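Engineer: can you look at this prediction? I've put the sequence above it.
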Amino acid sequence: MIENTQQLFGKLEEKGIRLSEQRKKDIISVDEKYRLRISDYYFDLIDWEDENCPIYKQCIPDIQELEEHVGYSPDPLNEGQYEKVPFLVHKYYSRAAFMCSNFCYMHCRHCTRKNTVMSSPIADRDALPAALEYVKDHPQLNDILITGGDPFALSFDLLEYYIAGFRSIPSVNTIRIGTRAIVVDPMTITDELCDMLEKYHPIWVFTQFNHPREVTKEAAMACDRLLRRGIPLGNQSVFLKGINDDAGILEELYTKLIGIRVRPYYLYICDRVAGTAHFYSDYHKGVDVVEKLRYRLPGYAVPKLIIDADGEGGGKVTIEKNHMLDEKENYIVLPGNKEGSTTKYYL
């Protein structure tokens, strides 16, 4: 695990990689505000001969993170406002998120919570009773997301303590776990962990593959261990400028994911989080890319394009091209089954 700039520069020297003194100073400056952490596994995926390596961009600090941009803030999604008891965020009617961890195996440079959860105190056993009481008092909460940070970075016993607590509430139907461990350190997905999760069905696990280079043999094996315990897997990518804002790249990614039985679920437009503006790719481009994917992939492999609307009353909203192209008295015009074609549906 690389947890500071000294360790990073040492690793680079071992690989014979030389950074300019300015680049080192930039990394140190960013690290003072947004700490780096990179698993050895993910670091070894970097292609040092590719100056636009998508792995590099997601894990190595960039001086652009310190730039200030209008409209970007530490917590644009107002998660703090919806924290009803410590560590429990209730923003949606039937769903709540328990922020159980402030630790990840990697600090993704585009992280939505880089200014909030990742610099906040960690939950402990004493945090659970109040969260459970709140959920019991709000029986409409039938879906609990355990997130952070990364829940799979918790001690085994503590993670089970949290899961068992929420599973003990009759009104809780599903428990979801949000993790990037599958992608950035898949060896942590052990048989022991999967056996524990299996005891608390229905459990769903959602992860974040952003680029086809991340779909490795090790990641596929981690997914298989979970799937063999009957745990469905979904993927929530982020639409990242210069990394995956391209139909060809996402077509390859999603083809690989359904090949290892991970269903593409959401494709997020990058949130307007301070320190991430250089990753933003316009939603118009996102709509165009997803429209191309609709022709290239089976329907179950095409994710919903999502804007997580910030501000008061905001939330996840699906955006897509209007597929009713024209409406007449006795028919409507729709896109055909080939890109650029149309068809009539008679009423």
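Structural biologist: Happy to help now that I have it.

Engineer: so for stretch 231-238, what gets flagged as buried?
Structural biologist: 231, 233-238 (16 or more other C-beta atoms under 10 Å). All C-beta spots, glycine's among them, are computed from the backbone N, C-alpha and C.

Engineer: right, and residue 39 touches residue 104 too?
Structural biologist: No. Using C-beta atoms under 8 Å, residue 39 makes no contact with residue 104, being 9.2 Å away.

Engineer: who touches both of the two?
Structural biologist: Jointly contacting residue 39 and residue 104 under the rule C-beta atoms under 8 Å, 6 or more residues apart in numbering are residue 184.

Engineer: please, where are all the helices along the stretch 1-150 of the chain?
Structural biologist: For the stretch 1-150 of the chain, helices defined by DSSP state H, counting those that start in this stretch occupy the ranges 5-14, 21-33, 40-43, 54-59, 128-137.

Engineer: quick one, which of these is packed in tightest?
Structural biologist: Across those, the average number of neighbours (mean count of other C-beta atoms under 10 Å) peaks for helix 54-59, which reaches a mean of 22.

Engineer: helices of the stretch 151-300 of the chain, start to end?
Structural biologist: 156-167, 181-184, 191-198, 217-227, 247-259, 283-296.

Engineer: looking at the ones you listed, which is buried most?
Structural biologist: When the helices of the stretch 151-300 of the chain are scored by mean count of other C-beta under 10 Å, the highest mean neighbour count falls to helix 181-184 (a mean of 27).

Engineer: and the contacts of that helix?
Structural biologist: For helix 181-184, the external contacting residues (C-beta under 8 Å, 6+ apart) are 39, 41-42, 104-106, 150, 152-153, 188-189, 205, 207-210, 214, 219, 222-223, 226, 233.

Engineer: tell me the mean pLDDT for it?
Structural biologist: What helix 181-184 shows for mean pLDDT is 98.

Engineer: and what of stretch 153-172?
Structural biologist: The model assigns stretch 153-172 a mean pLDDT of 96.

Engineer: same question for stretch 187-207.
Structural biologist: 97.

Engineer: ends of that stretch, what's the gap?
Structural biologist: By C-alpha to C-alpha, to the nearest Å, the extent of stretch 187-207 from end to end equals 15 Å.

Engineer: which residues does it contact?
Structural biologist: Outside stretch 187-207, the residues touching it (C-beta under 8 Å, 6+ apart) are 41, 105, 152-153, 156, 159-160, 163-164, 167, 173-183, 218, 222, 225-226, 228-236, 262, 265.

Engineer: can we see that at 7 Å?
Structural biologist: With contact meaning C-beta atoms under 7 Å, 6 or more residues apart in numbering, stretch 187-207 is reached by 41, 105, 152, 156, 160, 163-164, 167, 174-183, 218, 222, 225-226, 229-236, 265.

Engineer: can you check stretch 298-311 too?
Structural biologist: If you take C-beta under 7 Å, 6+ apart as the criterion, stretch 298-311 is touched by 76-78, 237, 254, 258, 263-269, 271-272, 283, 286-287, 290, 293-294, 315-320.

Engineer: repeat that for stretch 104-120.
Structural biologist: Stretch 104-120 has contacts (C-beta under 7 Å, 6+ apart) with 34-39, 42, 58-59, 61-62, 65, 74-75, 79-80, 99, 102, 148-150, 153, 180-181, 184-185, 188, 238, 240, 270-271, 273-276, 279.

Engineer: now that stretch: buried residues?
Structural biologist: 104-118, 120.

Engineer: and which of these is nearest residue 23?
Structural biologist: residue 109 (14.9 Å; C-beta to C-beta).

Engineer: mind checking how far the closest one is from residue 33?
Structural biologist: The spacing between residue 109 and residue 33, counted by C-beta to C-beta, to the nearest Å, is 12 Å.

Engineer: ditto for residue 65
Structural biologist: Residue 65 is 8 Å from residue 33, by C-beta to C-beta.

Engineer: and for residue 224?
Structural biologist: Residue 224 is 38 Å from residue 33, by C-beta to C-beta.

Engineer: next: residue 264.
Structural biologist: Going from residue 264 to residue 33 by C-beta to C-beta gives 33 Å.

Engineer: residues in contact with the residue sitting nearest the centre point of the chain?
Structural biologist: Per C-alpha atoms, centre = their mean, the C-alpha nearest to the average position across the chain is that of residue 208, at 4.2 Å. Taking C-beta under 7 Å, 6+ apart, we find residue 208 in contact with 180, 183, 235-238.

Engineer: ok, these vs residue 14, which is closest?
Structural biologist: Using C-beta to C-beta, residue 183 comes nearest to residue 14 of the contacts of residue 208, at 23.7 Å.

Engineer: give me the subset of the contacts of helix 181-184 lying in strands.
Structural biologist: 205, 207, 233 (DSSP state E).

Engineer: contacts only, for the last one.
Structural biologist: Each residue near residue 233 by C-beta under 7 Å, 6+ apart is listed here: 205, 207, 223, 226-227, 261-263.

Engineer: leaving out sequence neighbours, find the closest residue to it.
Structural biologist: Once flanking residues are discounted, residue 233 sits nearest to residue 262: 4.5 Å by C-beta to C-beta, 6 or more residues apart in numbering.
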